[in-house]
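> Here is a sequence together with a model predicted from it:
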Amino acid sequence: MGLLSAIAFLVFFTLLPGLEARASVPLAFFHRDIRAALGLPLALGICFVCNLLVGLATYWIMGPVVQVLRRWAWFDVKVWPSFERTRQKLHPHVEKYGEMGLALFIGVPLPGTGAYTGAFGAFLMGMDKRKFMLANLLGVLIACTALIVICLMLDQGVVAEDSLVRKLFLKGVPAHE
């Protein structure tokens with residue numbers, strides 16, 4: 001795998017909604033060709049920067065996109081309820097903890113959280129752009145750090161061979177001796 005194809009591979013998986021850093025960081029860590037082409041520090045840096053850009057781009061385009069889409073009734077019936085659920089899920093955290101609540105929401109590497117969802121929620125709640133940028137930066141940093149720690153534990157054999165975490169991240173890859 002060449003340099004550009006390795007970068008494109010990481011960018012592609014980071015841009016997939018629902019996967020983001022949860023997919024690209026383990027790929028950077030465990031995909032031999034990506035790691036050989038980029039080296040681990042550069043590969044992880046690409047994952048971090050792309051995940052930051054996902055949140056910023058999503059937040060930036062939400063206003064114009066929502067204005068156009070709200071003109072159609074199907075959007076209000078089919079899509080807007082999921083936006084409202086995101087707002088309701090995020091609202092208590094932001095009310096209680098401010099942008100740190102949003103950062104934690106973005107940073108927890110679980111399904112339903114992340115830069116896309118955090119950007120949607122911040123937009124829907126009318127969060128200031130600067131506050132969102134800070135929350136996004138901190139959240140992506142938290143998520144990438146947590147994933148790197150998990151990957152290091154897997155890589156160093158700290159996680160048991162038959163554990164669910166190892167099975168999710170490393171199908172068919174034996175633990176270190």
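Structure's in. What do you need?

> For the rest of this, base every contact and every neighbour count on C-alpha atoms.
OK.

> any chance you could map the helices in this structure?
Secondary structure of the chain (DSSP state H): helices at 3-15, 20-30, 32-38, 40-69, 73-74, 80-97, 99-107, 115-124, 129-155, 164-169.

> can you redo those helices as CSV with mean pLDDT and mean neighbour count?
Below are the helices of the chain laid out as CSV (pLDDT from 0 to 100; neighbours: other C-alpha atoms under 10 Å):
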stretch, mean pLDDT, mean neighbour count
helix 3-15, 92, 18
helix 20-30, 89, 24
helix 32-38, 92, 17
helix 40-69, 92, 18
helix 73-74, 86, 11
helix 80-97, 77, 15
helix 99-107, 86, 25
helix 115-124, 86, 25
helix 129-155, 91, 20
helix 164-169, 66, 14
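
> what's in contact with stretch 50-67?
Stretch 50-67 is contacted from outside by 11, 14-15, 20-21, 115-116, 118-120, 122-123, 133, 136-137, 140, using C-alpha atoms under 8 Å, 6 or more residues apart in numbering.

> Recalculate using a threshold of 6 Å.
Under the criterion C-alpha atoms under 6 Å, 6 or more residues apart in numbering, residues 115-116, 119 lie in contact with stretch 50-67.

> Tabulate these (JSON lines), appending distance to residue 78.
Formatted as JSON lines, the entries for the contacts of stretch 50-67 read as follows, by distance: C-alpha to C-alpha, whole Å:
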{"residue": "115", "distance to residue 78": "22"}
{"residue": "116", "distance to residue 78": "19"}
{"residue": "119", "distance to residue 78": "20"}
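
> What is the nearest of the residues you listed to residue 106?
residue 115 (5.5 Å; C-alpha to C-alpha).

> Leaving out sequence neighbours, find the closest residue to that closest one.
Distances taken as C-alpha to C-alpha, 6 or more residues apart in numbering put residue 55 closest to residue 115, at 4.5 Å, once the chain neighbours are dropped.

> Was I right to think residue 106 contacts residue 114?
Yes: between residue 106 and residue 114 a contact is recorded at 4.1 Å, counting by C-alpha atoms under 6 Å.

> Now do the shared contacts for the two.
Common neighbours of residue 106 and residue 114 (criterion: C-alpha under 6 Å, 6+ apart): none identified.

> Next up, the contacts around residue 20.
For residue 20, the contact set (C-alpha under 6 Å, 6+ apart) comprises residue 14.

> Swap in 10 Å and give it another go.
10-14, 47-48, 50-52, 54, 109, 113-116, 140, 143 (C-alpha atoms under 10 Å, 6 or more residues apart in numbering).

> got it, and residue 48?
14, 20-21, 24-25, 42, 54, 137, 140-141, 143-145.

> what about 6 Å?
Applying C-alpha under 6 Å, 6+ apart, no residues contact residue 48.
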